[in-house]
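S.K.: could you look at this predicted model? Sequence included:
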Protein chains: 2
Amino acid sequence: MLIVKKFGGTSVANKERIFNVANRCIEDYKNGHDVIVVLSAMGKSTDELIAQAKDINPNPSKREMDMLLTIGEQTSVALMAMAMESLGVPAISLNAFQVKMHTTSVYSNARLLKIDEERIRNELDSKKIVIITGFQGVDKLDNYTTLGRGGSDTTAVALAAALHADMCEIFTDVDGVYTADPRKVPTAKKLKEITYDEMLELASLGAGVLHNRSVEMAKKYGVQLVVRSSLNRSEGTIVKEEVSMERMLVSGVACDKNTARIAVIGLQDQPGVAFKLFNHLAKHNINVDVILQSIGRDGTKDISFTVAKDSLQEALEIIERHKTTSLQYDKIDVDDKVAKVSVVGAGMISNAGVAATMFEALYNENINIKMICTSEIRITVIINEADAERAMVSVHDKFRLGEM
Amino acid sequence: MLIVKKFGGTSVANKERIFNVANRCIEDYKNGHDVIVVLSAMGKSTDELIAQAKDINPNPSKREMDMLLTIGEQTSVALMAMAMESLGVPAISLNAFQVKMHTTSVYSNARLLKIDEERIRNELDSKKIVIITGFQGVDKLDNYTTLGRGGSDTTAVALAAALHADMCEIFTDVDGVYTADPRKVPTAKKLKEITYDEMLELASLGAGVLHNRSVEMAKKYGVQLVVRSSLNRSEGTIVKEEVSMERMLVSGVACDKNTARIAVIGLQDQPGVAFKLFNHLAKHNINVDVILQSIGRDGTKDISFTVAKDSLQEALEIIERHKTTSLQYDKIDVDDKVAKVSVVGAGMISNAGVAATMFEALYNENINIKMICTSEIRITVIINEADAERAMVSVHDKFRLGEM
């Protein structure tokens, strides 16, 4: 088997953990597998580099920032290779130049285009464990780029896809995907399996185990992902196209408090208004999540939507800038004390009762629903932030997720 | 003009110094020059990386060590580019991959083979200051290599040669080349000019301002070097092919205490003995310096030579290993309390009195000479280590080097 194993920054934060990772990889190697290891920068080292940069220049160019940040992963991979060598196992570290990890030129948020597998194949053929820098790439002019949030997961999945790996293991500090955040919902259970689509909904809803980009890529190329803990030997959760038939209707409950609601009130009720509003925001790369539009009345309508909390100020400024020109609205109403609670499940496509069950759970707790938004496999409600934990527990219990 | 400016680790050790260097480079840039900056790793960061590696693996492979060490220079250049950007000047940092700094595959001690000037030219043409990592290269299989001691100087000179720069300035913590070490000889004077050959002799004799490899390369390609201080504006010393006619006979006095004398006594007086002895040492990369062979007597002869102190133990082991086989000597005598004092001067080629003057100075101080060795532009004596400072001052005064 060819196995890609990805370890995040906390898993390689110090000498002891580096050797822990080295030993886990060597186990697979000694069992006859080809092993590719993808690493993030050690512990808080990326934050330290950013602080060092900001001390020199509060607003450094993204090109130079990427040039600086790539050293974090290069440090991890070199030290990991040394650790494996000291354990008597041949290993080699490779960075983005060496594996020709080609990306777009969007510094700090590049997209992977192509990986040259030749070098990696050669090193695997010569029976080495191959250790590759996550998060980084090179553009066509040979500049370093970085892949943005969740970049190392994306690197791992892309390598697994390019080399047709049998498995891509993503090691984190949790031991799999749960029916809900176990810190918030004590009865939460670990899932054995989950579909790509469910994982995508959960990731975008703040479950935070895997980044969406990596799951999208895994789905696209059919890479079988396993999410598991770097700290223990538990089996983890498998992410794949289809899961066994006996699975529950709902696979998990997620909560995201990094959200704020904006309501633009008194927009003109005519074609193109929503386009103009969200186009202004898109131009500034502001991601809009749940959108709700009221029915028109008296020739006006209201549009409400949520954004990440750290985009709130910018979003408000952009909208206000166009108040008297393209948008022509009456006023803005903001609520930054909201939370987004969702249930996700591939099974709900063919079952109409899911939404009603969720709303019942919230009603039983006397929790007011401010917005509702559904997709084929997800139901999301926006509620008061203060009600979030209570909502999660009640929904989780209502769907009996703890009993799976 | 195209100017290459190289700054060592102490010159970029902290934020204040980084901006000091940035400002000096910007000055040239604003005067209309094209500027290439070559940087070493910040302060003690290379030592810290080595310590980090040794903690993981006391004997890491050189390949992985080079992979780790190259991040030191990459940090310096990225931060320097950010500093220049914050001062409103366009700048770009480039590493060994980006300038295609091709070297041999000898990790930790690679030799430069070729530099691709295209990228650098393009960046200079778009009016950027180009900041390049010193010390590092890539081999033909895309592995990182490092150039060994004095590597950043070599990078700077190689860039100056490849791009036909008008000047290559090497910034150090001294403000030029002196007639002797000013800390040892208070009357030492700074030289305005010195020839490549004199500089080579001084460097190999422990004057320590420039590394031999960079001077050799400068001589080969006719790169005009300037050695000057990064801390003040003094004019520095120009290193070039020929210096003005009025120059003194002797340009400087150097002292090297990192030396030990080995005498192999009672070797058979027959052809091939010296070859065998030094071949054994060469195979283990032990550099031998001053060599002295006694006249044969009673069918035996003695060979004395000096090695660097840190090679002494290994050299002794190698010789003893061959005592009863190829070498057949009587005994070894070691003296590790010696120093090497030399006078260097291109003018002495045509003047026979230099050696006598030097010996007279030592005789006046009652200093015993243990070995003598001369080249066309150098006279070296081996004396007791305890006499070294006194010897330097007396020789310096005798040649009136303080009065130039």
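M.R.: Good, I have the coordinates.

S.K.: mind listing what residue A:379 touches?
M.R.: A:342, A:343, A:348, A:354, A:355, A:358, A:372, A:373 (Cβ atoms under 8 Å, 6 or more residues apart in numbering or on different chains). The way it works is simple: take the backbone N, C-alpha and C, and place the C-beta from them, glycine included.

S.K.: count the neighbours of the last one for me.
M.R.: Other residues lying near residue A:373 total 17 when counted by other Cβ atoms under 10 Å in any protein chain shown.

S.K.: just the buried ones from the contacts of residue A:379?
M.R.: A:342, A:343, A:348, A:354, A:358, A:373 (16 or more other Cβ atoms under 10 Å in any protein chain shown).

S.K.: quick check, nearest of the residues you listed to chain B?
M.R.: Here the nearest of the buried ones among the contacts of residue A:379 to chain B, counting by Cβ to the nearest Cβ, is residue A:342; it sits at 40.5 Å.

S.K.: thought the closest one was touching residue A:378?
M.R.: Yes - with contact defined as Cβ atoms under 8 Å, residue A:342 counts as touching residue A:378 (5.5 Å).

S.K.: quick one, helices of chain A?
M.R.: Along chain A, the segments classed as helices by DSSP state H run A:15-30, A:45-56, A:62-86, A:118-125, A:151-162, A:196-204, A:212-221, A:273-283, A:312-321, A:353-364, A:388-398.

S.K.: could these be laid out in JSON lines, adding distance to chain B?
M.R.: Converted to JSON lines, these look like this (distance: least, Cβ to the nearest Cβ, whole Å):
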{"stretch": "helix A:15-30", "distance to chain B": "6"}
{"stretch": "helix A:45-56", "distance to chain B": "5"}
{"stretch": "helix A:62-86", "distance to chain B": "4"}
{"stretch": "helix A:118-125", "distance to chain B": "7"}
{"stretch": "helix A:151-162", "distance to chain B": "17"}
{"stretch": "helix A:196-204", "distance to chain B": "31"}
{"stretch": "helix A:212-221", "distance to chain B": "25"}
{"stretch": "helix A:273-283", "distance to chain B": "25"}
{"stretch": "helix A:312-321", "distance to chain B": "23"}
{"stretch": "helix A:353-364", "distance to chain B": "49"}
{"stretch": "helix A:388-398", "distance to chain B": "40"}
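
S.K.: show me the one of the ones you listed that comes nearest residue B:275.
M.R.: Closest of the helices of chain A to residue B:275 is helix A:62-86, at 37.8 Å (criterion: Cβ to Cβ).

S.K.: would TSV of the helices of chain A with mean pLDDT be doable?
M.R.: TSV is the format used below for those (pLDDT from 0 to 100):
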stretch	mean pLDDT
helix A:15-30	97
helix A:45-56	96
helix A:62-86	98
helix A:118-125	97
helix A:151-162	95
helix A:196-204	83
helix A:212-221	91
helix A:273-283	87
helix A:312-321	94
helix A:353-364	86
helix A:388-398	93
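
S.K.: mind checking which of these is nearest residue B:337?
M.R.: helix A:62-86 (38.2 Å).

S.K.: what residues of the closest one count as buried?
M.R.: A:63-86.

S.K.: now it against helix A:15-30, angle please.
M.R.: On the basis of axes from the mean of the first three to the mean of the last three Cα atoms, to 10 degrees, helix A:62-86 is oriented at 70 degrees to helix A:15-30.
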